[in-house]
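J.: Give me a model of this one.
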Amino acid sequence: MITFTPLSGAARSTRTTPLAYVLQVDDVRILLDCGSPDWAPEVQELDEGVNQPWEQYCQALREYAPTIDLVLLSHGDLCHSGLYPYAYSRWGSRLRPRIAAMEDVDGRRDEEDIGDEGKVAPEDGEDQVMQVDEAAEAAAAADDTAPKRRYITTAREVHDAFDSVNTLRYSQPTHLQGKCQGLTITPYNAGHTLGGTIWKIRSPSSGTIIYAVNMNHMRERHLDGTVLMRAAGGIFEPLARPDLLITDADRASVIMSRRKDRDAALIDAVTATLSSRFSLLLPCDSSTRVLELLVLLDQHWNYSRLRYPICFLSRSASEMLTFVRSMMEWLGGTVSKEDVGEEGTGGRHDNKRKRAGDDDGDEDALGAFALRFKHLEFFPNPQSLIQKYSSKDPKLILAVPASLSHGPSRHLFCDFAAVPDNVVLLTGRGEEGSLGRVLFDKWNDAQRPEDKWDQGKIGRNVMMDGVVKLKMNSKVPLQGAELEAYIQRQEEAKREADKKKAAQARDQPMLEADEGDSDSDSDSEDEVSRELMDGEDDDFGGGRRGNKGDTDWNMDDGVTTKLLSFDIYLKGNVSKATSFFKTLGGQSQRFRTFPYVEKKRKVDEYGEIIDVSIDPEPPSKFVMSQVEVQLACRLLFVDMEGLNDGRAVKTIVPKVDPRKLILVHASAKDTDVLIESCAGIRTMTKDIYSPASLETVQIGQQINSFSISISDELLASMRMSRFEDNEVGYLTGKIVAHATSTIPTLETLSNNSKPVKVEESQDQEMPSSEPRNLGLRPAVPLPSSTMIGELKLTALKKRLVDIGIQAELVGEEGTVDLLEQSVAVRKTGQGKVEMEGNVSEVYYIVRKEIYNLHALIAA
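T.: Modelled structure (predicted):
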């Protein structure tokens, strides 16, 4: 039985993000995506008793966390995997599943800047918590049920969480073990983002489940389209006809303009604005869709030979691009071909010559030529940008995040929007409630009805006016009395810590000289002893110097050993050294001549020295202020989200032809549009579900599965047939329980069991008074074979053509007719296959090919 429960991002929802769903297949619970919302919505609830929109979702996820067995992440952005680090670290004692995700997810979450007191500051795509008092922060962290709590983790917890990710390759089947034994998961390319994934889940009892959200069938500059839709218009065979398809209906009612027109509109707006000596602000994400924008802008800058700077405001932008250059196998489109010279301006040899002439040392690396972005400059904050470029200099600014809810994009918008003829260029609608969505709604409302964003037209830019009030959060250094009070608190805390440390040192047993030795030790010996006893692990023991007759016993690795005496203290068990070879008397003990432990420097896997020293940040506090922004700039929206539009969604879903369909991540309008479109297709399933948040949908019946062992004799006589990803066979035997095993064994039937059944049947027939003919035997039913699978007439036609038999598809009902042969194969609506024709050699060849397209289970 399959049970599906949306935690967030359900169908018919006013808030379609973030995405998080619980899928239960029999006894295994799978968490599909674990996104995070925008923690700083523009519209705040004034009533303290009203919870934030994300509170219901976070509490539901916390309740499900103890029962989650598997987590599958489809995309690496925040709305799909942003809350996973918090759930892993803060609810880690209960949420420790096997994580299957793509490689781009790992290392993309350095989007939070953590202060000295555990407070979270804005960064490239994550959010912030503005709290001044450290005690209030600690209390909020301890109480997850506090009203208006923001579930934000630390930077270290983000790295630790994604270090536990198990990475898979596209089209790589993975057979799970443990409680998930029997399940097979396979990732496929979904497009839209680097490493975007369609998950295929195979269950022996529930069939095939496809989870595909936020797909893009169009090929882009840095990514290939999803494998679900073939270039010829067909569906990828391994993903066709699943038992259950879970997909999104977002943008089902949207008609998008051509990609060529959208790219031209964006380039024209950028060029016209810069040529007029004005600047553009382009809010963007930190790692996913920004790559498409960077490739597009870099190509335009190279072609037009523009000299205007492209400024990227992000703390992790440089590291992100370095990471992407090491993942060229995940890229597609024109980027992967540029690197090998297939579509370069000068061919392969010219590319090599250009690399050799570059000054950067990284140009020789794979991917450096395609993603070098020579016109791009990185800035960690708006202050560094202002120091290099004046506000009057024309420039293109890419700032994170795209929602403008915090970070550099929000701070720049306050000053940027007040300059006339500056352009704020939006490439996405933004999340509900964010400043980005407010600006998008303002632009969309100013368009004519035929120029709306979902009508397939490129709208015009609009001149903004009026005043908007924004809340600005910032981090400022402590000064004056606040700084003195902070220093005084730190000194008092340090004194208290020293007192506790001294008290613990007095209570702790000290290593002293033995009774027979003199109590006066040299200063040099004390210095050496303190140096060697300064260890990091409490499990290390030390030797004692004393008379030979004294004995000191210590438990080391479960064995009681006698420690020797030395003139210096030993750190740990460095005195003993064991040999790999054993002597006649057993394992011999050897002792090192110089009991010294060399302190090695920490290096990474490439031999680089790891610098763990962190410059202390000056004491600071978080403050919040409200500013009034005079809107005088221009506003333009160009859709660059890289998602399927309504025509693509209405085409792909019926071609996949699932037996059951669940719609998620859509508004009420988009959900109804897709359901109506599917209802108009005669062959489309009628089992379409659109559950609301926390509404449970049950599909199928509960199946009890048991483990059983097959004897070697029975396994050797069994004939297996291949069906999709499984091998199936037919067995007849008896179950035997052995005292030495908890799993019963299926063994072959004994030879004398069958005559017993015959004798019983003869004894039952003896009282019959009817006369029996001589030699008549009782009727025994013959074993029958079973054929598993579904015949596809296109596959049958291809196989017949391959073996030299001409065939073609005719008729609307789907019939394969053989040319110059009176043989026809017809498939009815119920899946029944009918074969008609004269008895001939071709007839039996066709029948054999039909059998070969099925898994034949012989009894």
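J.: any residues touching stretch 468-478, and which ones?
T.: Applying C-beta atoms under 8 Å, 6 or more residues apart in numbering, the external contacts of stretch 468-478 come out as 40, 115, 121-122, 128, 130, 406, 410-411, 414, 435, 483, 486, 618-629, 631. (C-beta placed from N, C-alpha, C; glycine too.)
J.: name the element P654 belongs to?
T.: helix 646-656 (DSSP states H and E).
J.: send the alpha carbons of the next helix or strand after that helix over as PDB?
T.: If you walk from helix 646-656 toward the C-terminus, the next helix or strand you reach (DSSP H and E) is strand 661-664. Output of strand 661-664 as PDB, limited to C-alpha atoms (Å, rounded to 0.1, in the frame of the first residue of the first chain):
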ATOM      1  CA  LEU A 661      -1.500  10.400 -10.700                       C
ATOM      2  CA  ILE A 662      -0.800  12.700  -7.700                       C
ATOM      3  CA  LEU A 663      -0.600  16.500  -8.300                       C
ATOM      4  CA  VAL A 664       1.400  18.700  -6.000                       C
END
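J.: quick one: average pLDDT of the next helix or strand after strand 661-664?
T.: Using DSSP H and E, the helix or strand that follows strand 661-664 towards the C-terminus is helix 668-679. Summarised as a single mean, pLDDT over helix 668-679 is 94.
J.: What's the first helix or strand after helix 668-679?
T.: strand 688-689.
J.: strand partners of that following strand, parallel vs antiparallel please.
T.: In the sheet, strand 688-689 lines up against strand 661-664 (parallel) (DSSP bridges).
J.: What lies in contact with the strand it pairs with?
T.: Here strand 661-664 has contacts from 4, 6, 9-11, 19, 21, 213, 244-249, 653, 671, 674-675, 678, 685, 687-691, 697, using C-beta under 8 Å, 6+ apart.
J.: and if you look at stretch 214-226?
T.: 74-75, 80, 188-194, 196, 198, 212, 228-229, 247-248, 250, 259, 291-292, 295-296, 299, 331-335, 642-644, 648, 652, 665.
J.: Buried among those? Make that a ChimeraX selection.
T.: Only the buried members of these enter the following ChimeraX selection, criterion being 16 or more other C-beta atoms under 10 Å:
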select :74,75,80,188,189,190,191,192,193,194,196,198,212,228,229,247,248,250,291,292,295,296,331,332,333,334,335,642,643,644,648,652,665
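J.: Pull out the buried positions in the helix holding P654.
T.: Neighbour-count burial for helix 646-656, with 16+ other C-beta under 10 Å as criterion, is recorded at 646, 648-650, 652-654, 656.
J.: pretty sure N189 is touching R169, no?
T.: No - if you go by C-beta atoms under 8 Å, N189 and R169 don't touch, sitting 10.7 Å apart.
J.: For F162, the count of nearby residues, please.
T.: Neighbour count of F162, defined by other C-beta atoms under 10 Å: 22.
J.: and the gap between it and Q177?
T.: 22 Å (C-beta to C-beta, to the nearest Å).
J.: mind putting the buried residues of helix 646-656 in a markdown table, pLDDT and distance to R325 included?
T.: Shown next, in a markdown table, are the buried residues of helix 646-656 (pLDDT from 0 to 100; distance: C-beta to C-beta, whole Å):
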| residue | pLDDT | distance to R325 |
| --- | --- | --- |
| G646 | 92 | 36 |
| A648 | 93 | 31 |
| V649 | 94 | 33 |
| K650 | 94 | 38 |
| I652 | 94 | 32 |
| V653 | 94 | 36 |
| P654 | 93 | 40 |
| V656 | 93 | 35 |
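J.: Which one of those is nearest to Q56?
T.: V649 (27.8 Å; C-beta to C-beta).
J.: Grab the nearest non-local neighbour of the closest one.
T.: A252 (5.0 Å; C-beta to C-beta, 6 or more residues apart in numbering).
J.: Just to check, that neighbour is in contact with V673?
T.: Yes - using C-beta under 8 Å, A252 is in contact with V673, at 4.7 Å.
J.: Looking at these two, which is more packed in?
T.: When A252 and V673 are compared for neighbours, A252 comes out ahead with 26 against 20, by other C-beta under 10 Å.
J.: A helix includes that one, no?
T.: No - the assignment for A252, made by DSSP: H, G, I helix; E, B strand; the rest coil, is coil rather than a helix.
J.: so how far is R429 from it?
T.: Taking C-beta to C-beta, one finds A252 at 15 Å from R429.
J.: Check A692 too.
T.: Where R429 is concerned, A692 sits at a distance of 22 Å (C-beta to C-beta).
J.: Parallel or antiparallel, list what pairs with the helix or strand F312 falls within.
T.: Secondary structure assignment for F312, by DSSP H and E: strand 310-313. In the sheet, strand 310-313 lines up against strand 376-379 (parallel), strand 396-399 (parallel) (DSSP bridges).
J.: right, so those: which one is the most enclosed?
T.: Across the strands paired with strand 310-313, averaging neighbours per residue (mean count of other C-beta atoms under 10 Å) puts strand 396-399 on top, at a mean of 26.
J.: residue ranges with poor pLDDT in the stretch 51-200 of the chain?
T.: 51, 92-149 (pLDDT under 70).
J.: can you give me the strands in it?
T.: 70-72, 98-101, 113-114, 120-121, 166-167, 174-175, 184-189, 197-203 (DSSP state E, counting those that start in this stretch).
J.: Okay, helices next: where are they in the stretch 151-300 of the chain?
T.: Secondary structure of the stretch 151-300 of the chain by DSSP state H, counting those that start in this stretch: the helices cover 155-163, 259-275, 290-304.
J.: Having no further points to raise, I will conclude here.
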